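Asker: Any chance you could fold what I've pasted below:
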Amino acid sequence: MTLIFEHAICLEHDMGAGHPERPDRLRAIQIALAEPEFAALERRQAPLASWQQIALVHPQSYIDQVIAAAPEQGRVQLDPDTAMNPASLEAAQRATGAVCAAIDAVMAGQAKNAFCAVRPPGHHAEPERSMGFCIFNSVAIGAQHARAAHGLQRVAVVDFDVHHGNGTQAAFWDDGDLFYGSTHQMPLYPGTGAASETGAGNIHNFPLAPGAAGIDFRDAVTDGLLPALDAFKPEFLLISAGFDAHADDPLAQLRLDTDDYTWVSRELLAVAARHCDGRLVSSLEGGYDLTALAMATAAHIRALMSGP
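Answerer: Below is the predicted model:
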């Protein structure tokens, strides 16, 4: 069974007119998931992450800074790309809480896998700063939660967002028991993600040139990412599921299609089956063309429901 974690507050986080990371992204996904084929999904409310969970990645000084910045009305900028309105702090807590609760549910055997349909995204948030629409790094926190709460040792994050997850890389950099593997366009924001960035041998970056198509993406995954994952032998697999490498996305120039997302989802499910007893949690990151986002997310969840 596949679980979906969501919460209405994630629709209220709004960074202003014209901002690409907008509430309509979740609405598009919700419409797609209202189709009869998804009726079997069990939907759960995303809880608030505790500050102790968030502190597994972010120091208290940064948490205090975010809490102090949260407005009671209007909007404030945390950085040039990331703003908060009165709903944003709770939305960010619930986006992180969704990932932690999904891990708990999967570890308890309540489901094989889960998808967190939440925002704001997280993978650009570094331990001590917001970046790129991200406030708290939900997936990095989830990885640490899996270890702290469930006694796991080796946890992997795979990130197929078109932008490199600099925050997750920074959080994992010197910890050989945390794996970060990323396919992304380069050059592109945030400027990190070169293949030479390897951390403690646990960071695996597979940059793709602008204009790269599905075949190039599949080659990088097949020849590089999957062998590295198999060698790592994770006990739990997390996915930073960004769908902005789609050909129709306005913020980048890769040319993936919906079939590529189905394919990579099945490949990662097979890794989870080989090493993690199937345990996998995926969380929404980017994706800014609403139609492409809805189609690719639906394909990803369809794969989660059917298994490898």
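Asker: what about the residue lying closest to Ser61 once chain neighbours are set aside, distance to Ala140?
Answerer: Nearest residue to Ser61, sequence neighbours excluded (C-beta to C-beta, 6 or more residues apart in numbering): Glu128, at 7.4 Å. Yep, even glycine has a C-beta here, placed from its N, CA and C like the rest. With the distance defined as C-beta to C-beta, to the nearest Å, Glu128 ends up 13 Å from Ala140.
Asker: now swap in Val264 and tell me
Answerer: Going from Val264 to Ala140 by C-beta to C-beta gives 20 Å.
Asker: any idea of the mean pLDDT for stretch 2-16?
Answerer: Summarised as a single mean, pLDDT over stretch 2-16 is 98.
Asker: er, stretch 183-197 actually
Answerer: 98.
Asker: Would you map the strands across the stretch 201-308 of the chain?
Answerer: 203-208, 236-241, 280-284 (DSSP state E, counting those that start in this stretch).
Asker: Contacts only, for Ala114.
Answerer: For Ala114, the contact set (C-beta atoms under 8 Å, 6 or more residues apart in numbering) comprises Thr2, Leu3, Ile4, Phe5, Ala102, Ala105, Val106, Leu280, Val281, Ser282, Leu304.
Asker: before we move on, back to that, of Glu128 and Ala140, who's got more company?
Answerer: More crowded of Glu128 and Ala140, by other C-beta atoms under 10 Å: Ala140, with 32 against 12.
Asker: helices or strands up against the host helix or strand of that one?
Answerer: Assigned by DSSP states H and E, Ala140 belongs to helix 138-150. Applying 3 or more C-beta pairs under 8 Å, 6 or more residues apart in numbering; DSSP states H and E, one finds that helix 138-150 makes contact with helix 51-54, helix 88-107, strand 155-159, helix 166-172, strand 236-241, strand 280-284.
Asker: Give the next helix or strand downstream of the longest one.
Answerer: Toward the C-terminus, helix 88-107 is succeeded by strand 113-116 as the next helix or strand (DSSP H and E).
Asker: cool, the first one as well?
Answerer: Tracing the chain past helix 51-54, the next element assigned as helix or strand by DSSP H and E is helix 60-69.
Asker: Report the inter-axis angle for that next one versus helix 88-107.
Answerer: Using axes from the mean of the first three to the mean of the last three C-alpha atoms, to 10 degrees, the inter-axis angle of helix 60-69 relative to helix 88-107 is 130 degrees.
Asker: Other residues contacting helix 60-69?
Answerer: Contacts for helix 60-69 (C-beta under 8 Å, 6+ apart): 51, 54-55, 76, 78, 84, 89, 92, 127-130, 135-136.
Asker: Asp79 and Asp64, how far apart?
Answerer: Remark: distance between Asp79 and Asp64 (C-beta to C-beta) = 17 Å.
Asker: Sorry, wrong one. I was asking about Leu284.
Answerer: Distance of Leu284 to Asp64, given as C-beta to C-beta: 27 Å.
Asker: higher neighbour count, these two?
Answerer: Between Leu284 and Asp64, counted using other C-beta under 10 Å, Leu284 has the larger neighbour count: 30 against 11.
Asker: Contacts only, for that one.
Answerer: Going by C-beta under 8 Å, 6+ apart, Leu284 touches Ile29, Phe115, Cys116, Ala117, Val118, Arg119, Pro121, Ala241, Gly242, Thr297.
Asker: Could you identify which of those residues has the most neighbours?
Answerer: Most neighbours among those, by other C-beta under 10 Å: Cys116, with 33 neighbours.
Asker: what about it, distance to Gly211?
Answerer: Separation of Cys116 from Gly211 (C-beta to C-beta): 31 Å.
Asker: can you check Val264 too?
Answerer: Separation of Val264 from Gly211 (C-beta to C-beta): 19 Å.
Asker: Sounds good, over and out.
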